Every structure is written in structure tokens, then in C-alpha cells.
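Undergrad: This is the structure alone, sequence omitted:
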Ligand code: NDP
């Protein structure tokens, strides 16, 4: 990672993304914080306008992503590191009873969203011959659990995209990495269970989940390796998760 790099974090308004913003700032980076909830983004900036730029963005909307990134002030370009973190799980039932709208939300955010942002940022990185894309996958991309067919499929797709992307940019000097978290205590479960706090909290029963900062530590460590080193894929589990 160069000195004072510009880092774009998607899904910066909570959880892992927000922790990544703080971790990169602590290392002297300037961070473009993207998400839909503008109030959260403003709160994140909190007097740090020189080092955090809030960028409202729905990663599912290709034109929204394109125009938001095209409108970046000159001093916030080029983007040195992209953390593709925006994502969600939705629905809790089997496919035969699930709401198809939930499939769309997951596919559109976790897969198309990642592609939409990468498609805007990668050309500049390849042209400059430097840059780093770090995709947030999941242990769910490596296995399937009951009621998780579609979410697991989206994260398996992230893994394929990461590997394909690495081949696509081979020889350009651009680095492509992936971090697969196990269970992290964030708003993820609350979103998955549509605001049902009891169901969301039950997920963490019997184990100590990871903190968002545990993942942010790994992300910044990966970004900080020398330019000839690519940490391809890291799986991070809480000690109690099998
Ligand atoms: P959170 O719900 O806390 O954060 C998700 C973030 O994604 C929010 O900032 C949200 O912002 C953003 N987001 C969702 N949809 C969109 C969209 N359409 N456009 C832009 N931003 C969007 O969950 P986590 O921090 O846990 O999740 C971050 C990533 O980590 C996800 O990809 C998730 O799949 C992955 N992960 C999480 C695990 C966990 O146990 N928590 C385990 C493994 C992987 P906003 O709503 O403001 O747009």
C-alpha cells in the first residue's frame, strides 16, 4: 500500500465496512465511504472531512455507481484500494417457500453490486499498473447451511469472481484478494431476519463471534503487504465456530 492511499470501502455505514474505514484511517489512508444510508455516512465523517469522503451509493444500481465514482473530486482519485464489502443475507426459509425478492436482493447486492463497482474501478488500476481489490466473501461461499442456498451461492460466486479477476489482471501489477469471515457480530443478522432481534441474537448463542475490527485488521494487513505479494484468500473464524 502506498503512503496515504485512497481507499474505497463499500458498505461503509456499519459492521465490517465501517471497521475497515477506521482501520485504514488509522494507517494514514484517506477513505471514500460508500453506502445507502447517508445519515450513517455523515456520522462516520464527524469532522474528518479531509480524510473521509461520504459517497451515497446503491451498489445494485450500475448507473448510480458509475455517476457517483465519475463525480469524485480530483483529489480523491485515483483509488488505490477497493474493498468490495457491501452485502447481505435475506430470508430464512427453504427455496420452496422463500420470497423471490430476497433472492434478488442477495444476487443484486452480493454479486452484481461487486461487479458494478469493480467494473468502474479496475480499468484505472490496470491502466496505472497498480491497485488492490479486496473482496469480502464468506465461509458461506465454501459450504451450504439449511436455508442458505442462495446466500451461499452468492458468496461462492464472489470466490469465482475473485479468482477470475486475478487472472484477468495478471501481469498488470494489480492485486486481487479475498477475505472470508466466519460469524461476525454486526447488523448482518438483523438484516437477515428482517429486524427480528430475538432471531438475530440467537445466531450468536454459544459462541463468541468475531468483532468487525478483527476482519478490518486482516483487510488492512493484506493491503499492507509489499507490492509483489498477493494474499489470495483468507478464512477467519471465531474460535468457537466449527
Ligand atoms: P452489516 O449489515 O453490518 O453491513 C452491511 C453493509 O452493506 C452496510 O453498510 C450496508 O449499508 C451495505 N449495503 C447493503 N446493501 C447495499 C447496497 N445495495 N448498496 C450499498 N451498500 C449496501 O453486515 P456486515 O458488516 O456483517 O457485512 C459486510 C459483508 O461481510 C457482507 O458482504 C457480508 O455478506 C459479509 N459477511 C458477514 C458475516 C457476518 O457474520 N456478519 C460473515 C461472512 C461474511 P446501507 O444499508 O447503508 O446501504
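TA: Okay, I see it. What you see is a predicted model, and the numbers here were worked out from it, not measured in a lab.

Undergrad: Buried ones in the helix or strand residue 69 falls within, by neighbour count?
TA: According to DSSP states H and E, residue 69 maps onto helix 62-70. Within helix 62-70, the residues that count as buried by 16 or more other Cβ atoms under 10 Å are 62, 65, 68, 69. (Glycine included, C-beta is placed from N, CA and C.)

Undergrad: Identify the residues contacting residue 91.
TA: Shown in contact with residue 91 (Cβ atoms under 8 Å, 6 or more residues apart in numbering): 98, 99, 102, 103, 147, 150, 192.

Undergrad: From those residues, pick the one nearest the ligand.
TA: residue 192 (8.5 Å; Cβ to the nearest ligand atom).

Undergrad: Need the pLDDT of the closest one.
TA: We note a pLDDT of 93 for residue 192 in this prediction.

Undergrad: could you measure it against residue 180, distance?
TA: Using Cβ to Cβ, to the nearest Å, we find residue 192 at a distance of 17 Å from residue 180.

Undergrad: so for stretch 230-242, what's the average pLDDT?
TA: 96.

Undergrad: just to revisit the earlier point, need the buried residues of helix 62-70 in TSV (columns: distance to residue 51 and pLDDT).
TA: Shown next, in TSV, are those (distance: Cβ to Cβ, whole Å; pLDDT from 0 to 100):
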residue	distance to residue 51	pLDDT
62	28	98
65	23	98
68	19	98
69	19	98
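
Undergrad: The helix holding residue 69: what's the following helix or strand?
TA: Following helix 62-70 in sequence order, the next helix or strand is strand 81-84 (DSSP H and E).

Undergrad: So is the next helix or strand after that following strand next to the ligand?
TA: Per DSSP H and E, strand 81-84 leads on to helix 100-106 as the next helix or strand towards the C-terminus. No - on the criterion Cβ under 6 Å from any ligand atom, helix 100-106 is out of touch with the ligand, staying 7.9 Å away.

Undergrad: State the next helix or strand along the chain beyond helix 100-106.
TA: Proceeding N to C from helix 100-106, the next assigned helix or strand is helix 114-128, under DSSP H and E.

Undergrad: Can you list the neighbours in contact with that next one?
TA: With contact meaning Cβ under 8 Å, 6+ apart, helix 114-128 is reached by 8, 10, 34, 59-62, 65-66, 69, 77-79, 82, 84, 86-87, 131, 133, 135, 158, 161, 165, 169, 172, 174.

Undergrad: Pull out the buried residues from that helix.
TA: Buried positions in helix 114-128, judged by neighbour count with 16+ other Cβ under 10 Å: 114, 115, 116, 117, 118, 120, 121, 122, 125, 126.

Undergrad: Which one of these is nearest to residue 46?
TA: Relative to residue 46, the closest of those is residue 117; by Cβ to Cβ it sits at 24.5 Å.

Undergrad: what about that closest one, distance to the ligand?
TA: Counting by Cβ to the nearest ligand atom, to the nearest Å, the gap from residue 117 to the ligand is 9 Å.

Undergrad: Could you check how far the residue positioned nearest the centre of the chain is from residue 224?
TA: Ranked by distance to the mean C-alpha position of the chain (Cα atoms, centre = their mean), the top residue is residue 85 at 0.7 Å. Noted for residue 85: a distance of 17 Å to residue 224, by Cβ to Cβ.

Undergrad: Thank you, goodbye.
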